[in-house]
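Asker: 3D model of this:
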Amino acid sequence: VDASSSLEKLSINRQRRAMCMGASRCLFQLGNFDAAIRMGLKAIEVDRHFPGVHKIVAQAQKARRDLEAAKKTMRRAVFYKLPWDPENKRHARKYMKELMS
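Answerer: Numbers count the residues shown, from 1 in each chain. This is a model prediction of the structure:
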């Protein structure tokens, strides 16, 4: 596999991840929580380390009154956050604690 092919694939994945997350945020704001969850899960599928994507999914799950799913999503977020990104991990932990209270 040549380097340019790998870089192109990476770029496409970044665009797809950003598109899915952006759509998930919009759908959440519009109150379409099921679709927001589906799009957020697609973004996670592309890159589970993407900052903020788990929170969008958890917020939509919470809005659907599925608190257990929201908690599970945020536990995964804390687990998957990159160790060299402590700020993002801190945000994930903070939201997870909010859900637990």
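
Asker: which elements pack onto the helix or strand hosting Glu45?
Answerer: Following DSSP states H and E, one finds Glu45 within helix 33-46. Secondary-structure packing of helix 33-46 (3 or more C-beta pairs under 8 Å, 6 or more residues apart in numbering; DSSP states H and E): helix 3-29, helix 53-63. (Glycine included, C-beta is placed from N, CA and C.)

Asker: which one, of these, ends up nearest to Ala92?
Answerer: Among the helices and strands packed on helix 33-46, the nearest to Ala92 by C-beta to C-beta is helix 53-63 (6.6 Å).

Asker: the closest one vs helix 33-46, what angle?
Answerer: Following axes from the mean of the first three to the mean of the last three C-alpha atoms, to 10 degrees, one obtains 160 degrees for the angle between helix 53-63 and helix 33-46.

Asker: return the distance of the helix or strand immediately after helix 53-63 in the chain from the chain's centre.
Answerer: Under the assignment DSSP H and E, the closest C-terminal helix or strand after helix 53-63 is helix 67-80. On the basis of C-alpha atoms, centre = their mean, to the nearest Å, helix 67-80 is displaced by 10 Å from the centre of the chain it belongs to.

Asker: residue nearest the centroid of the protein?
Answerer: With distances taken as C-alpha atoms, centre = their mean, the residue of the chain nearest its centroid is Val53 (1.8 Å).

Asker: contact partners for that residue?
Answerer: 17, 21, 24, 40, 43-44, 47 (C-beta atoms under 8 Å, 6 or more residues apart in numbering).

Asker: now it: how far from Ile44?
Answerer: Going from Val53 to Ile44 by C-beta to C-beta, to the nearest Å gives 6 Å.

Asker: Arg14 versus Arg65, what's the distance?
Answerer: Counting by C-beta to C-beta - Arg65 and Arg14 are separated by 33 Å.

Asker: between those two, which one's more packed in?
Answerer: Taking neighbours as other C-beta atoms under 10 Å, Arg65 and Arg14 compare with Arg14 leading, 13 against 9.

Asker: picking that back up, by neighbours, which of the contacts of Val53 wins?
Answerer: Of all the contacts of Val53, Gly40 has the most neighbours under the rule other C-beta under 10 Å, reaching 29 neighbours.
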